[in-house]
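Chemist: I'll drop the sequence and a predicted model, then ask my questions.
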Amino acid sequence: MILISLNNESRECDSELALAALLPAWGFDWKKIAVAINGDFVPRSQYSSLRLNAGDQVDVLAPVQGG
Amino acid sequence: MILISLNNESRECDSELALAALLPAWGFDWKKIAVAINGDFVPRSQYSSLRLNAGDQVDVLAPVQGG
Amino acid sequence: MILISLNNESRECDSELALAALLPAWGFDWKKIAVAINGDFVPRSQYSSLRLNAGDQVDVLAPVQGG
Amino acid sequence: MILISLNNESRECDSELALAALLPAWGFDWKKIAVAINGDFVPRSQYSSLRLNAGDQVDVLAPVQGG
Amino acid sequence: MMTPQPDNWTLYGQTFQSRLLIGSALYPSPSVMSEAITASGSEIITVSLRRQSPSEAGGEGFWQQLKSLNKTFLPNTAGCHSVKEAVTLAQMSRELFETDWLKLEVVGDDYNLQPDPVATIAAAEQLIKLGFKVFPYCTDDLVICQRLRDVGCEVLMPWGSPIGTGRGLMNPYNLQTIRERIPELPLIVDAGIGKPSHAVQALELGYDGILLNTAIAQAGDPVMMAAAFRDAVAAGRQAARAGAMPERQTASPSTPTLGMPFWHQQ
Amino acid sequence: MMTPQPDNWTLYGQTFQSRLLIGSALYPSPSVMSEAITASGSEIITVSLRRQSPSEAGGEGFWQQLKSLNKTFLPNTAGCHSVKEAVTLAQMSRELFETDWLKLEVVGDDYNLQPDPVATIAAAEQLIKLGFKVFPYCTDDLVICQRLRDVGCEVLMPWGSPIGTGRGLMNPYNLQTIRERIPELPLIVDAGIGKPSHAVQALELGYDGILLNTAIAQAGDPVMMAAAFRDAVAAGRQAARAGAMPERQTASPSTPTLGMPFWHQQ
Amino acid sequence: MMTPQPDNWTLYGQTFQSRLLIGSALYPSPSVMSEAITASGSEIITVSLRRQSPSEAGGEGFWQQLKSLNKTFLPNTAGCHSVKEAVTLAQMSRELFETDWLKLEVVGDDYNLQPDPVATIAAAEQLIKLGFKVFPYCTDDLVICQRLRDVGCEVLMPWGSPIGTGRGLMNPYNLQTIRERIPELPLIVDAGIGKPSHAVQALELGYDGILLNTAIAQAGDPVMMAAAFRDAVAAGRQAARAGAMPERQTASPSTPTLGMPFWHQQ
Amino acid sequence: MMTPQPDNWTLYGQTFQSRLLIGSALYPSPSVMSEAITASGSEIITVSLRRQSPSEAGGEGFWQQLKSLNKTFLPNTAGCHSVKEAVTLAQMSRELFETDWLKLEVVGDDYNLQPDPVATIAAAEQLIKLGFKVFPYCTDDLVICQRLRDVGCEVLMPWGSPIGTGRGLMNPYNLQTIRERIPELPLIVDAGIGKPSHAVQALELGYDGILLNTAIAQAGDPVMMAAAFRDAVAAGRQAARAGAMPERQTASPSTPTLGMPFWHQQ
């Protein structure tokens, strides 16, 4: 288990699991969100292969009102 | 015959004739004009009785564009 | 004695006395004020002769700041 | 002799002479002007050593009104 | 839902939908005039009277065409310089146009063509006694407006700026003061409107309508400009009813700031 | 004749009728938002991205409702303070909203929330290389606008005044200069619009459209205000096409002076 | 050379240097009032009359202090709502202040405290027959100003904006029209001046002087503000005499473009 | 008491009394230039460099005359369109005028002659590394001003309006924002000042000084206009220090209402 930050809250997670597995575990539907890690965009095509490292800053964003 | 002013042009006219007779003689259709004499309004009801005096200033007005 | 209004406050005064006598009695220095009675200006020249009537409205004014 | 441009007018000049010699020859008092060659500033300290090359663009500037 | 519920207004007991009163002068041609008036959606048209020379039937052609539009006519006393002239011309208008409505104008100065406040009040008083329904053209002076109300005017028409200048609302502060102090009467900005934005501004200030002529008649394309003003008064009126946001001194974001990414507590 | 012929405009190859772009934030409720957007006639809606906590499904409800309106979406980068943040957020928006359109905002100061001109140019250049169609939010600075054009922006969005202030067009002179010097691109006034009269003024200046949010969302009646702005942009656009009368220094009468009665030559 | 040649002006036959008329009210203390009046360089001070209760000698102290400044006094009729009140108060002022000068004020509305144009004209006419030299406080209405001139006022004092608002010149266009149409009389902007820039603007428009009170008396530092206004009227007057450059639509360089370096003909 | 206590300000460690910086161009004659500069009380004069043809000694005469005034000179880079040109011209100025002061101008557009914000920042950064004391001429953009400060400019000179237009302060809101957000640096309004009232307004906003040329040089009487601006900056500065009354929405009387006569309680 490693410690990462999810939307600025620290979380433990299994460093063996790919993002594709972590997102549903965290309660996200990948079709309704977009992801950045450490300030870099992560396209959906990488979800299945990408694994997190300790201390990673994960941003999971969803649509909101905009002006 | 007396001398009067019609719309600021001097005219001779027969002092015996009423306005009702003068207007058509001058080429006016009374239904399409309004009349003032010496700066006072003359209602149509008076056309048949009213006779002019020498020096009278007659204004015959018709509709025009307005702002 | 009669009842009059002095600067909108009711006062008793002796109807026999002239304004010239009343003003000092009321504490006014006539050189430093101007007088109106019932809304009309009363020049100083009349102070010695003028006597009040019951119900007179006396205004005694002095210089103040103005804009 | 080489061909150079002086304040955007073409001139012939002796490639052997230093700027310190050319300026008075051109009628300039070095204390009252400043010089740039090919768009680069040339400080007075270099006048005695600096020689021109064919095609050099020489700007000789003097004080004028400014806003 | 897309169209606001009917929002009529009343002038001397007569109800109208359009808040645009329009003049009939200065158009490139009578047919453009008719098209522009129709495009404007206006229901009230100003007209006037001038000396008629028997020969020329031009005036009459104009009048036949205008009558065919079936609008309400508002005769004016433009050009009158005295109470007497205005009263006489008003009486002639009433007989010929068969209406007791009157746009009262008494010119006070030939340079800025502004209304003479004192003569306008005197003329309004006489005309109201004679049974006229007076629409007084006046300056943006609260006290003059109050006096016109007190002699019996049931609508007031302060200027935006001098007629024909197209400078819009020279003094919004005065116009706003009049609106606040005379809430009970319909108020119309008359004269000086040059662009649709001026008309919108007038209605945003709470004015009930505007009266203009030159801005449409002298536009590059009068018919399209008439449609522009039709939409402008609709926009301004809805804005006044909807209630505009307050103007703020400092910026504030529209997009939510909560949940902004890439920011890391430490 | 009463309705002007179709007058579309094109943004990055896509054609639209409405000249009003509208934000989706700050409405009293989602249903009012939908009604207001519909009433505005707008075809382009701005949206954004924020951190999502799995628990709350609120955001999603909003997004489902907005999608159902079948409008074109313009994601923004509101709140970003650096080129890097803006570029990352842009890429996430492209994936999630499935559009390469982007309203580029890089905040330069947290007090007036104005765009950072230098960072905006740098970000625009990167994003265009990445294939984005950039709508840059910028100040009313001609040279900044020219540089944004030169890096490949095909539309420019100078501000009217700081976002959320509702102060309208602070500097019409600058906006007019930009219009005159950059005739080849569509120009949109973004931010600062507080009232319909501001919107009309922008289009009278020759601007192609306006983008606003607070003025409608925070109005007393957002739906009616949306209709007011719908009519305002129609009015302003027609005014620009029709060509307004020139503003004059001195008055000139609309009613003809020739044939004025009661005047006697001597 | 550094100091412009003497540039006096004349009011009812009396000559003055300073173009600033100043009120005596609203100062934090009598001593600040005296200092401020002195610092302002003003030669004409407005005063008034109110009911005196024998007890309080406060008023008298003020008056003794003011008299010691040896200025010209201009009594006002502030607060009067009718011709009758104004005429009576004027007569009392003449006797007590021993001057036939009078600043005529007849309030027309208690909200904006504006002068009543009709009553002001009537009162001016009566007072002039009674031998007064009337300084009428009026609105910025050309026709009202002309009537005041016609009844014998030899100076006119249109307002800048409502008294005490400090909004400056609400309607420069009207003020300029009055200046152009009434070149023969001295004109003073009275009321509404809030800052020295407003005073400069009034004199740049060709006005001969300004009258103010609150802007100095209620400033953070009334004495320094008085000096600011002293310099402001000097600046504005010299500007009017010197003749300002014309305002231009487009930029033009001040530094010569001829002989610009680093530019190479090809 | 009539003269305010000394109120100096400091630019790059040098102290001055006058808050007016003045240009040396566009005067009808060199002697008028000298008289005007003297009358203005200005202590800092802007100058420039141009190509010198040996023949004409005209430039030299001008320069001798200007030197004799013993003022501080501020050379400019007017006309430069690139960082390179500006840096080279700056170095030549430093050698010839024997000063490291520099008014940095990098033209961004030949129509409005506005500074190029991006190039101005880059040039300022280079010049400061080369030891120059940079006075950057910039637009009224807060973020640009902050960046100029961050690269080491110790004074900022945002424009009022485009050079030579005399339009005054086009955007007081922006200028005020810059003043509030950058309290630590002296701020000078450069370009666009047309009348003394504009100068007063700038100083009332809290600006430390103004720089102008055309408004004086092209006035009908440049010497008198110079004196007008001398008094204007004095007025504006004192106003800023004294603290102006707050602007009010509604009227309030200056003359006391208490003790108003002719009023009878019942």
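Modeler: All right, it came through fine.
Chemist: CA atoms for contacts and neighbours, from now on please.
Modeler: Noted.
Chemist: Return the residues in contact with residue 34.
Modeler: Just going to use chain A. Residue A:34 sits next to A:42, A:43, A:44, A:60, A:61, A:62, F:92, F:93, F:95, F:96 when contact means C-alpha atoms under 8 Å, 6 or more residues apart in numbering or on different chains.
Chemist: my bad, the chain I had in mind was chain E
Modeler: Residues near residue E:34 by C-alpha under 8 Å, 6+ apart: E:65, E:66, E:69.
Chemist: contacting residues around the residue most central in space within chain A?
Modeler: Geometric centre of chain A, nearest residue: residue A:58, 4.8 Å, by C-alpha atoms, centre = their mean. By C-alpha under 8 Å, 6+ apart, the residues touching residue A:58 are A:4, A:5, A:6, A:7, A:8, A:35, A:36, A:37, A:38.
Chemist: just curious, which of the residues you listed is nearest to chain E?
Modeler: Within the contacts of residue A:58, the smallest distance to chain E is 6.1 Å, found for residue A:8 (C-alpha to the nearest C-alpha).
Chemist: number of nearby residues for the closest one?
Modeler: Here the number of neighbours of residue A:8 (other C-alpha atoms under 10 Å in any protein chain shown) works out to 18.
Chemist: tell me, how many neighbours does the nearest residue to residue E:44 once chain neighbours are set aside end up with?
Modeler: Excluding the flanking residues, the one nearest residue E:44 by C-alpha to C-alpha, 6 or more residues apart in numbering or on different chains is residue E:72, at 4.7 Å. Residue E:72 has 17 neighbours, counted by other C-alpha under 10 Å.
Chemist: what does chain E have sitting close to chain G?
Modeler: Residues of chain E found near chain G (C-alpha under 8 Å from any C-alpha of the partner chain) are E:108-109, E:112, E:114, E:116-118, E:142-144, E:170-171, E:173, E:177.
Chemist: Filter the residues you listed down to just the buried residues.
Modeler: E:108, E:112, E:114, E:116-118, E:142-144, E:170-171, E:173, E:177 (16 or more other C-alpha atoms under 10 Å in any protein chain shown).
Chemist: Of the contacts of residue A:34, select the buried ones using a ChimeraX command.
Modeler: The ChimeraX selection below is limited to those of the contacts of residue A:34 classed as buried (16+ other C-alpha under 10 Å):
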select /A:42,44,60,61,62 /F:92,93,95,96
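Chemist: would you turn the contacts of residue A:34 into a markdown table with secondary structure and pLDDT?
Modeler: Below are those laid out as a markdown table (DSSP: H, G, I helix; E, B strand; the rest coil; pLDDT from 0 to 100):
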| residue | secondary structure | pLDDT |
| --- | --- | --- |
| A:42 | strand | 97 |
| A:43 | coil | 97 |
| A:44 | helix | 97 |
| A:60 | strand | 95 |
| A:61 | strand | 95 |
| A:62 | strand | 93 |
| F:92 | helix | 97 |
| F:93 | helix | 97 |
| F:95 | helix | 97 |
| F:96 | helix | 96 |
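Chemist: related to what we said a few turns ago, the residues of chain E next to chain G also near chain F: which ones?
Modeler: Within the residues of chain E next to chain G, those near chain F by C-alpha under 8 Å from any C-alpha are residue E:112.
Chemist: just to revisit the earlier point, JSON lines for the contacts of residue A:58, including distance to chain F, pLDDT and secondary structure?
Modeler: Output for these, formatted as JSON lines (distance: C-alpha to the nearest C-alpha, whole Å; pLDDT from 0 to 100; DSSP: H, G, I helix; E, B strand; the rest coil):
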{"residue": "A:4", "distance to chain F": "16", "pLDDT": "94", "secondary structure": "strand"}
{"residue": "A:5", "distance to chain F": "12", "pLDDT": "93", "secondary structure": "strand"}
{"residue": "A:6", "distance to chain F": "9", "pLDDT": "93", "secondary structure": "strand"}
{"residue": "A:7", "distance to chain F": "6", "pLDDT": "93", "secondary structure": "coil"}
{"residue": "A:8", "distance to chain F": "9", "pLDDT": "91", "secondary structure": "coil"}
{"residue": "A:35", "distance to chain F": "7", "pLDDT": "96", "secondary structure": "strand"}
{"residue": "A:36", "distance to chain F": "8", "pLDDT": "96", "secondary structure": "strand"}
{"residue": "A:37", "distance to chain F": "10", "pLDDT": "96", "secondary structure": "strand"}
{"residue": "A:38", "distance to chain F": "10", "pLDDT": "95", "secondary structure": "coil"}
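Chemist: Can you turn the buried part of those residues into a ChimeraX selection?
Modeler: Here is the ChimeraX command that picks out the buried ones among the contacts of residue A:58, judged by 16+ other C-alpha under 10 Å:
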select /A:4,5,6,7,8,35,36,37
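Chemist: nearest to residue F:20, of the contacts of residue A:58?
Modeler: Set against residue F:20, the nearest of the contacts of residue A:58 by C-alpha to C-alpha is residue A:35 (31.6 Å).
Chemist: residue contacts, the closest residue to that closest one other than its chain neighbours?
Modeler: Distance criterion C-alpha to C-alpha, 6+ apart; nearest residue to residue A:35, sequence neighbours excluded, is residue A:60 at 4.7 Å. Going by C-alpha under 8 Å, 6+ apart, residue A:60 touches A:6, A:7, A:33, A:34, A:35, A:36, F:51, F:52.
Chemist: Alright, that wraps it up for me.
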